[in-house]
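In: Below: sequence and its predicted model.
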Amino acid sequence: MKNIEVTYDAMRPLQTGNYEQGESAFILPMTDELAAEYLAGRATDHGAVNLVETTLEAVEVMRGRVYVRGSIKAYREAR
């Protein structure tokens, strides 16, 4: 198992009803084989990316924010 840190954008609601967008990150544990594909930039099929995006949507809901779909900036191995 490897831990992959995913960097992306999320928005938090303001009391004015508007949103503030900023960068966020989350560490996902995954198999070594799958992690290697993400780190090499080969996990580009929509199913692989959608799986991570769906996870990030759930994480951001629990953080009280909104994940910005399509905003993944980077994958890197977390230590």
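Out: It's in. Numbering: from 1, shown residues only.
In: Quick check: what element follows the lengthiest helix in the chain along the chain?
Out: The residue-count maximum for a helix in the chain (DSSP state H) belongs to helix 46-62. The helix or strand immediately downstream of helix 46-62 is strand 66-67, counting by DSSP states H and E.
In: if we can go back for a sec, can you give me the buried ones in the longest helix of the chain?
Out: For helix 46-62, the neighbour count (16 or more other CB atoms under 10 Å) marks 52-53, 56, 59-60 as buried. All C-beta spots, glycine's among them, are computed from the backbone N, C-alpha and C.
In: Mind listing residues that contact that helix?
Out: 6, 8, 10, 24, 26, 28, 34, 37-38, 43, 66-67, 69-70, 72 (CB atoms under 8 Å, 6 or more residues apart in numbering).
In: if you average pLDDT over it, what comes out?
Out: Averaged across helix 46-62, pLDDT comes to 92.
In: do stretch 67-79 as well
Out: Computed over stretch 67-79, the mean pLDDT rounds to 95.
In: Mind listing residues that contact that stretch?
Out: Here stretch 67-79 has contacts from 2-11, 21, 23, 27, 35, 38-39, 43, 49, 52-53, 56-57, 59-60, using CB under 8 Å, 6+ apart.
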